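Novice: fold the following, please.
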Amino acid sequence: MFGWIKKRRRRRLAAQKFPGRWQEILERNVPYYKIMPPADQKELRSNILIFMGEKRFEGCGGLKLSEEIKVTIAAQACILLLHRRTDYYPGLASVLVYPHSYVAHHSESMGPGLVCEGPEVLRGESWRRGTIVLSWDDVRRDAEDIHDHHNVVYHEFAHQLDSSSGKGDNSPVLQRRSNYIAWARKLQKEYQRLRRDVARNRPHILDEYGADNPAEFFAVVTESFFQQPQQLQKLHPQLYREMKDFYQQDPALL
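Specialist: Alright, predicted model coming up:
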């Protein structure tokens, strides 16, 4: 019953006319949109309408929210959903936006009985409790340069593409669950390769932050897949194929 209601509501949202001012924001702030095929642009606009209708945005640190901020974030979040069966980040309820990088308390386990705690300057976070936090300055800067391997929206929303429950446990699910074990094994191999490269100071195109753990690796590879697809395809062809199968997109062709 509730599933039918949700589908009907989403059909109604997607059928709305896409506001002209939103279109202007897309073309101005999201250059990736302009190189997408027309069919993908249309699908993206529908996804944005649904995302904007379902998710709550909140300004933090004195930031006054605007349509520009919300549409710019929603567009990049929805790029990750193209061509896929999706429930629109079901574990996500709200997006908190700071005007710039912010300081948060950080706690990290360093081993048995050892925890490192202290303040940390952050560009974004993905919480398991249904929230993503972003720095607007970083969002805007990353969106403008589609060839820089950093993109905080792609990174944090990749963390939300988790198990079927969508609750942020960072275990990405394939379209066909039977492929998951083989897929995870291949990504694990590439993850270990990055860890070796970082440890031995060998050159690599992936952000070394991805060597921290498999969840960060997936988020970092997602950034490179959309931001530097040709380089990723050339240097990590198998990894590129796996990401292409997962996202059902081939950005190297754009």
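
Novice: and stretch 17-28, what's buried?
Specialist: Buried residues in stretch 17-28, defined by neighbour count with 16 or more other Cβ atoms under 10 Å: 18, 22, 25-26. Bear in mind the C-beta positions are built from the backbone N, C-alpha and C, glycine included.

Novice: and if you look at stretch 52-72?
Specialist: 52, 54-55, 57, 63, 68-72.

Novice: just to revisit the earlier point, in helices only, show me the buried residues of stretch 17-28.
Specialist: 22, 25-26 (DSSP state H).

Novice: which helix is the longest one in the protein?
Specialist: helix 180-199.

Novice: show me what that one is packed against.
Specialist: helix 214-227, helix 237-247 (3 or more Cβ pairs under 8 Å, 6 or more residues apart in numbering; DSSP states H and E).

Novice: now the first one: mean pLDDT?
Specialist: Which is helix 214-227. For helix 214-227, mean pLDDT rounds to 94.

Novice: what's the following helix or strand after it?
Specialist: The C-terminal neighbour of helix 214-227 among helices and strands, as given by DSSP states H and E, is helix 229-235.

Novice: buried residues in that next one?
Specialist: For helix 229-235, by 16+ other Cβ under 10 Å, it's 229, 231-233.

Novice: just put these in a markdown table and tack on distance to Q160.
Specialist: Below are the buried residues of helix 229-235 laid out as a markdown table (distance: Cβ to Cβ, whole Å):
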| residue | distance to Q160 |
| --- | --- |
| P229 | 21 |
| Q231 | 25 |
| L232 | 21 |
| Q233 | 25 |
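
Novice: now, which of the residues you listed sits nearest K186?
Specialist: Among the buried residues of helix 229-235, L232 lies closest to K186 (Cβ to Cβ), at 14.2 Å.

Novice: pLDDT value on the closest one, please?
Specialist: So L232 comes in at 96 (pLDDT).

Novice: and D40, how close does it get to G53?
Specialist: Distance, D40 to G53, using Cβ to Cβ, to the nearest Å: 20 Å.

Novice: from Q160, how far off is G130?
Specialist: In terms of Cβ to Cβ, G130 sits 9 Å off from Q160.

Novice: so the two - more neighbours on which side?
Specialist: Q160 (23 against 18; other Cβ atoms under 10 Å).

Novice: chain neighbours aside, what residue packs nearest to that one?
Specialist: Y89 (4.8 Å; Cβ to Cβ, 6 or more residues apart in numbering).

Novice: circling back: switch the helices and strands packed on helix 180-199 over to TSV; also include mean neighbour count.
Specialist: Formatted as TSV, the helices and strands packed on helix 180-199 follow (neighbours: other Cβ atoms under 10 Å):
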stretch	mean neighbour count
helix 214-227	22
helix 237-247	18
